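[1] sequence unavailable; structure follows:
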């Protein structure tokens, strides 16, 4: 009753499928208590009580089914979240790109288990097996707990924490029983060594067997007459089976024993043989040796485990944003870039400053810098995270138009490894799940990313808001417009960069800060989701609220998106090739449009400027041959310029796509119209000739050589086209 008063909780316990299970268990216990009250009041017998329980539970079940039948079609019940669904499907395939992007949701590896549990990983399975041989209420609980915790932790690495208590319990059981057996073995051996151990001969053993059988048989008969102990009965039964198996009497006794032989006789004989061997002098020595080895091993494991636990606790207690690095000469450095960046925000920005950063760092910025962030770890608002992803991964101009309405500063992680640029393909997918025009017909946004292992960005990535700020003045030709951004801070080791957004829309900032525009559950409440400023209405109008795959109580109007999303996840190479081809097609259309505009402009210039002005002021008409010569000269200059310019452009992407696909006809047609395209080169210094050799396409190599493309030059890494030839 108190929980549902919290705004963010509300009626979720009675609506969410994740919480209805415990709710049903609670109601079942109430029904059981009702049955117990009625039983005591009417003093019912055991049989009558069971009949009452069956009747009441059948009635309750029918009532529950009726309620479900009436309420479910109205969309009352909420769906299972993708986070819960991620526990039952492989990582990156929940259908929700936001959930799929979180590294902590991936399946746990054996290395991760050992990192956090160490030798508990070795002893816990042994304890699990031991508990199975001593079933009871408590042991059954341990088995169920261990099975459930291992299943869920194996599905999601962040849930390894769940296995720590049960792992420690089962590991302790295994270690304890091994130690107890070892001590008992040594203690019994020490006690028995004080007495003289008679030599065991075959004759003595046989006599002892015969005596044991006689005594056991007598006790067995006595037990039958007076309800003897079960243990003695089992021993008698085993002894009788043993006698039957070893009997050598003649006549009908031999035949009857032969007919009544059990399939377990061999196992019983083996067990008796092992028992005898362990009771011999050699067997006792072997047991003692094993006990000593076990104690020594437990001591070694325990000592190593203790040291590892102290070391791990120390490592985990360190702040995760402070790292250690090592220079080439072996010196250890403390990298404190992230905290220094947050301190800079705290000390150098207004208190009402709004910081745009990916949601991973939202809590850190709020806690250390004490500044408002656009998003943080509370990622339940999928559409808001998608808007942030769109602003970062869309074209620079559109991203700036969004950012100036939302934030005053942009903070980026730029130090390589898992920085913002490495995460950016996930950001693009999340954006496209809500803004479908972001990556048209490409749910996984394969057109946004790196096209090779050298880190060459795709054309879409290169145009993006994030790439421009991330690589600002670090890569040739990449620089943020001075009228849009100003770099305010770069950390010591380049891990963090902070840009100030220029020409922030002050009207939008005032509108958002006005309490009248807050949407609160009740007046004066702290739960106020707020609204977007009117300046973003055009962008917001394009969004399509994301429907989870589990939203069975909603109209299935998004099945096509989900179907294509899973197809692309299952066949990433095919999806990437299709996306790059689509991107190349768009680049081609863009170039065609540009060429048409240039042709019209050139035609107009030729018509209007068919005279050349000489130095003396006189004019001279230019003939067609001179015009052709000038045109050819310009083409040669364009070829030379292309060949000397190393830059990733739409043209390089399109050429790479044509050569990689072996589309010789389209390539010929393009080079006939625009021969300078054969000389374009990407950021790594490679061009069509390199790509043709890499694809083993002799036809393309021949075509390029006819166009005059050199084949002996080197790229930025010193490799010639022939060096890329694949066998």
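    Arrived safely, thanks for sending. On a predicted model such as this, the values are computed, not experimentally measured, just so you know.
[2] where do the strands of the stretch 601-727 of the chain begin and end?
    611-613, 619-621 (DSSP state E, counting those that start in this stretch).
[3] for residue 381, grab phi and psi.
    Residue 381 has phi and psi values of phi -80, psi 90 when expressed as degrees, to the nearest 10.
[4] quick revisit: weakest of the strands of the stretch 601-727 of the chain in terms of mean pLDDT?
    Set side by side, the strands of the stretch 601-727 of the chain give their lowest mean pLDDT on strand 611-613, at a mean of 48.
[5] quick check, residue 76 in contact with residue 15.
    Yes - at 6.3 Å, residue 76 counts as touching residue 15 under the criterion of CB atoms under 8 Å. (C-beta placed from N, C-alpha, C; glycine too.)
[6] so where's the stretch 601-727 of the chain uncertain?
    Within the stretch 601-727 of the chain, the ranges that satisfy pLDDT under 70 run 601-635, 638, 642, 726-727.
[7] mind doing that once more with 50?
    Applying pLDDT under 50 to the stretch 601-727 of the chain picks out residues 606-611, 613, 615, 619, 727.
[8] residue 375 and residue 354, how far apart?
    11 Å (CB to CB, to the nearest Å).
[9] how about residue 722?
    According to CB to CB, residue 722 stands 55 Å off from residue 354.
[10] check which helix or strand residue 188 maps to.
    In the assignment (DSSP states H and E), residue 188 maps to helix 163-193.
[11] please name every helix or strand in contact with that helix.
    helix 110-117, helix 120-132, helix 137-155, helix 281-317 (3 or more CB pairs under 8 Å, 6 or more residues apart in numbering; DSSP states H and E).
[12] which parts of that helix are buried?
    Of all the residues in helix 163-193, those buried under the rule 16 or more other CB atoms under 10 Å are 163, 166-167, 169-171, 173-175, 178-179, 182, 185.
[13] how close does the nearest residue to residue 309 once chain neighbours are set aside get to residue 298?
    Distances taken as CB to CB, 6 or more residues apart in numbering put residue 118 closest to residue 309, at 7.3 Å, once the chain neighbours are dropped. Distance, residue 118 to residue 298, by CB to CB: 14 Å.
[14] neighbour count winner among these two?
    The neighbour count for residue 118 versus residue 298, taken as other CB atoms under 10 Å, is higher for residue 118 (20 against 16).
[15] quick check, pLDDT for the more buried one.
    The model's pLDDT for residue 118 equals 91.
[16] now it: how far from residue 312?
    8 Å.
[17] equivalent analysis for residue 721, please.
    Relative to residue 312, and taking CB to CB, residue 721 is found at 52 Å.
[18] quick one: which of the two has more around it?
    Higher neighbour count among residue 721 and residue 312: residue 721, with 24 against 14, using other CB under 10 Å.
[19] nearest residue to that one in space, please, no chain neighbours.
    residue 693 (4.1 Å).
[20] tally of neighbours for that neighbour?
    Neighbours of residue 693 (other CB under 10 Å): 23.
[21] how about the contacts made by it?
    When contacts are counted by CB atoms under 8 Å, 6 or more residues apart in numbering, residue 693 touches 701, 711, 721, 722, 724, 725.
[22] the fourth one touches residue 713, doesn't it?
    No - the pair residue 722 and residue 713 does not pass the contact test of CB under 8 Å, sitting 10.9 Å apart.
[23] tell me which residue is most central in the chain.
    The geometric centre of the chain, computed from its C-alpha atoms, lies nearest to residue 106 (CA atoms, centre = their mean), at 3.1 Å.
[24] how close does that one get to residue 546?
    When residue 106 is compared with residue 546 (using CB to CB), they lie 21 Å apart.
[25] with residue 455 instead?
    For residue 455, the distance to residue 546 (CB to CB) stands at 30 Å.
[26] swap in residue 371?
    Distance from residue 371 to residue 546, by CB to CB: 28 Å.
[27] same deal with residue 458?
    From residue 458 to residue 546 the distance is 24 Å (CB to CB).
[28] likewise residue 574?
    Counting by CB to CB - residue 574 and residue 546 are separated by 24 Å.
[29] more neighbours, those two?
    residue 546 (20 against 12).
[30] all the helices of the stretch 401-550 of the chain, in order from the start?
    Assigned by DSSP state H, counting those that start in this stretch, the helices in the stretch 401-550 of the chain fall at 420-434, 459-462, 465-470, 506-513, 537-540.
[31] tell me what the fourth one is packed against?
    Of the remaining helices and strands, those touching helix 506-513 by 3+ CB pairs under 8 Å, 6+ apart are helix 396-406.
[32] where in the stretch 401-550 of the chain is pLDDT low?
    If you take pLDDT under 50 as the line, the stretch 401-550 of the chain has these spans: 549-550.
[33] could you rerun that using 80?
    416-418, 441, 452-455, 519-530, 545-550 (pLDDT under 80).
[34] for it, which segments are assigned as strands?
    Here the stretch 401-550 of the chain has its strands, by DSSP E, counting those that start in this stretch, at 409-413, 485-490, 496-501.
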